[in-house]
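*Asks:* task: produce atomic coordinates for the following.
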Amino acid sequence: MKANDLEIGQPQRAIESLQAEIGNYQARLNNTPIREQELTDLNRDYEQLKAYYDQLLAKKNQAGLAANFSREQQGDRFYHAGPAQQTDQAIFAQSLQTGLSGIIRWSGNGAGCSRGAEFLDDRVYDEAVFKQMLPAEF
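*Replies:* Sure, this is the predicted structure:
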């Protein structure tokens with residue numbers, strides 16, 4: 001009898017363990033929508049934080065560019081002191097003076113170069129100079 005009770009009890013225990021597993025699976029299935037909602041909330045929060053981070057990063061980059069630009073432009077400030085006081089006559093006199101001094105300088109340079117070239121030239125252009133160069137026997 002005990003053997004029969006044990007034989008009958010084994011399938012009963014197997015049924016009870018299978019029902020316990022079914023209960024576990026049922027509980028997990030019941031929790032699936034909750035987990036799905038939690039995952040959706042986490043993804044939404046992640047996207048919002050990522051967008052906020054991207055905005056902050058863009059602002060930081062703009063601030064860095066503005067700081068570099070202002071640092072580079074710091075020495076480039078010009079101030080207008082007022083209108084020029086020079087008249088047209090003064091400009092003409094100045095340009096005339098500059099032009100004349102240039103003409104004088106270049107003509108002096110030309111004369112100096114021609115004198116130097118003549119001094120360095122070994123050729124004879126005059127008959128009298130040629131006769132002086134010859135020995136007296138000819």
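
*Asks:* ok, Gly23 - how many residues close by?
*Replies:* 10 (other C-beta atoms under 10 Å). In this view, the C-beta of every residue, glycine as well, is placed from N, C-alpha and C.

*Asks:* oh sorry, the question was meant for Gly108
*Replies:* A total of 10 residues lie near Gly108 under the criterion other C-beta under 10 Å.

*Asks:* go on, Leu57?
*Replies:* Neighbours around Leu57, by other C-beta under 10 Å: 10.

*Asks:* and it, which helix or strand is it part of?
*Replies:* Using DSSP states H and E, Leu57 falls within helix 2-73.

*Asks:* and that helix, average pLDDT?
*Replies:* For helix 2-73, the mean per-residue pLDDT is 86.

*Asks:* can you classify Ala136 as helix, strand or coil?
*Replies:* coil (DSSP: H, G, I helix; E, B strand; the rest coil).

*Asks:* and the pLDDT for it?
*Replies:* Value for Ala136, per-residue pLDDT: 73.

*Asks:* returning to what we had before: following the chain onward from the helix holding Leu57, which element is next?
*Replies:* By DSSP H and E, the next helix or strand past helix 2-73 is helix 88-120.

*Asks:* so for that next one, what's the average pLDDT?
*Replies:* Helix 88-120 comes out at a mean pLDDT of 84.

*Asks:* report the distance from it to the chain centre.
*Replies:* Distance of helix 88-120 from the chain centroid (C-alpha atoms, centre = their mean, to the nearest Å) equals 49 Å.

*Asks:* so how far is Leu57 from the residue nearest the centre of the chain?
*Replies:* When C-alpha atoms, centre = their mean is applied to the chain, the residue found nearest the centroid is Leu65 (10.3 Å). Separation of Leu65 from Leu57 (C-beta to C-beta, to the nearest Å) stands at 13 Å.

*Asks:* again, but for Gln12
*Replies:* Distance from Gln12 to Leu57, by C-beta to C-beta: 65 Å.
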